[in-house]
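1. Whatever this is, show me its structure:
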Amino acid sequence: MTDTTNDPTTVIDPIADPSAMSADAAAPRVAQESAWIRISRAFRNAPLTAWFGMITIAIYIFVAVFAPILAPFGEREIVGAQFEEPNAQYLLGTDNLGRDMLSRLIYAARNTVGIALLTTIISFLLGGFLGMLAATLSGWVDQILSRIVDVLMSIPSLIFALLALTVANTWIGRMDNPSPWLYTAALIIIMAVLDSTRVFRLTRAVAMNIVVMDYVEAARLRGEGLLYIVRKEILPNATAPLIAEFGLRFCFVFLLISALSFLGLGVQPPTADWGSMVRDNATLISFGVAVPLYPAGAIALLTVAVNFVVDWMLHRSSGLKD
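-> Predicted coordinates for the structure are as follows:
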């Protein structure tokens, strides 16, 4: 029998012999499998605190999206007397105007979380882009942007927000029949501008360590433009710290908006908001009624859940072992 093992003219059937498949042909399948394996392994190895945070956030999102279906009454509908105790019809009782507390609590999930999320997104788009722009161009552009941010950060955020919102609400109140959403738009813009200063500082610090890398210099020598360098070279390498900072900034914005609503300068009535709900029903605490604690608990629970997820993401991106 002739041995054809070393015969160069011998054709090996890859179907009959799977091990004969080339590495290039198998590479896409292996890369795809490894990506899914890494993702599934990350979720399997996630601690219980991270799972608690993700499940809680998912529940909040579900409630916010399907608020009109889940709420037994309308957001602004007066259904009973003032401060009725919890019963079979009103599971959490009524507020100071006779509106159902459970319905208001559900609608507030959409309003409070949605406003905080939109504010955080705008602040990251503004502060992140300007921070990368300052780090990439440097020179007088960096100096001007940094000094403006220093001036804004030198004033305490709460005092600055109270002053700006007082002026904005007074100006809007002089209009003929102003829409409640004008107050909300002013709140989002003011809070986004104030919070973008913190995002600018972090983004600039991260980008300053990236722009000196060889691949950025190579992109400049190739004649690539500013937007290409920011989008293709800097942003992908700054994603991990920015994602973690996004979660933290969302918590800070969420708590600050709730505090402003409690003080009467945040989300304006009749829009449901957890901070204003605590303020409107605070007098019930004196009578031993726990109704004001429900919106306060909703604020605290979401804050803790987001922090658990952010801590897990920071741990993963740092490369530390358990």
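
2. any weak-confidence spans in the chain?
-> 1-35, 38-39, 318-322 (pLDDT under 70).

3. which residue ranges form the helices in the stretch 201-322 of the chain?
-> For the stretch 201-322 of the chain, helices defined by DSSP state H, counting those that start in this stretch occupy the ranges 214-221, 226-228, 239-263, 274-280, 293-318.

4. Just tell me which of these ends up closest to Thr56.
-> Thr56 lies closest to helix 293-318 among the helices of the stretch 201-322 of the chain, at 3.7 Å (Cβ to Cβ). Placement of C-beta: from N, CA and C, glycine included.

5. if we can go back for a sec, any chance of the helices of the stretch 201-322 of the chain in TSV with mean neighbour count and distance to Ile78 as columns?
-> Output for these, formatted as TSV (neighbours: other Cβ atoms under 10 Å; distance: least, Cβ to Cβ, whole Å):
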stretch	mean neighbour count	distance to Ile78
helix 214-221	13	61
helix 226-228	12	53
helix 239-263	19	21
helix 274-280	24	14
helix 293-318	18	19
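
6. nearest to Pro180, of those?
-> Comparing these under Cβ to Cβ, the one sitting nearest is helix 274-280, at 11.8 Å.

7. what does the closest one contact?
-> With Cβ atoms under 8 Å, 6 or more residues apart in numbering as the test, helix 274-280 has contacts from 95-96, 101, 104-105, 108, 112, 257-264, 266-267, 269, 292, 294-296, 298-299.

8. Go through the helices of the stretch 201-322 of the chain and name the closest to Val151.
-> helix 239-263 (19.7 Å).

9. now the angle from the closest one to helix 293-318?
-> Per axes from the mean of the first three to the mean of the last three Cα atoms, to 10 degrees, the angle that helix 239-263 makes with helix 293-318 is 170 degrees.

10. what separates helix 239-263 from the chain centre, distance-wise?
-> 7 Å (Cα atoms, centre = their mean, to the nearest Å).

11. Quick one: list the elements packing against it.
-> helix 101-137, helix 157-173, helix 180-210, helix 274-280, helix 293-318 (3 or more Cβ pairs under 8 Å, 6 or more residues apart in numbering; DSSP states H and E).

12. Just the C-alpha atoms of stretch 58-67, please, in CSV.
-> Provided in CSV are the C-alpha atoms of stretch 58-67 (Å, rounded to 0.1, in the frame of the first residue of the first chain):
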residue,chain,number,x,y,z
ALA,A,58,-34.9,46.7,34.9
ILE,A,59,-38.0,47.0,37.1
TYR,A,60,-37.7,50.8,37.2
ILE,A,61,-37.4,50.9,33.4
PHE,A,62,-40.4,48.6,33.1
VAL,A,63,-42.5,50.7,35.4
ALA,A,64,-41.5,53.9,33.7
VAL,A,65,-42.3,52.6,30.2
PHE,A,66,-45.6,51.1,31.1
ALA,A,67,-46.7,53.7,33.6
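
13. For Leu194, find the nearest of the helices of the stretch 201-322 of the chain.
-> It is, among the helices of the stretch 201-322 of the chain and with distance given as Cβ to Cβ, helix 239-263, at 8.7 Å.

14. What are the neighbouring residues in contact with the closest residue to Val304 other than its chain neighbours?
-> Excluding the flanking residues, the one nearest Val304 by Cβ to Cβ, 6 or more residues apart in numbering is Gly53, at 7.6 Å. Going by Cβ under 8 Å, 6+ apart, Gly53 touches 304-309, 312.

15. Format the residues you listed as a markdown table; extra columns: distance to Leu227.
-> Converted to a markdown table, these look like this (distance: Cβ to Cβ, whole Å):
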| residue | distance to Leu227 |
| --- | --- |
| Val304 | 39 |
| Ala305 | 36 |
| Val306 | 31 |
| Asn307 | 34 |
| Phe308 | 36 |
| Val309 | 31 |
| Trp312 | 33 |
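
16. between those residues, which is nearest Asn177?
-> Val306 (37.3 Å).

17. from memory that closest one sits against Met54, does it?
-> No - Val306 is beyond contact range of Met54, at 10.0 Å (criterion: Cβ atoms under 8 Å).
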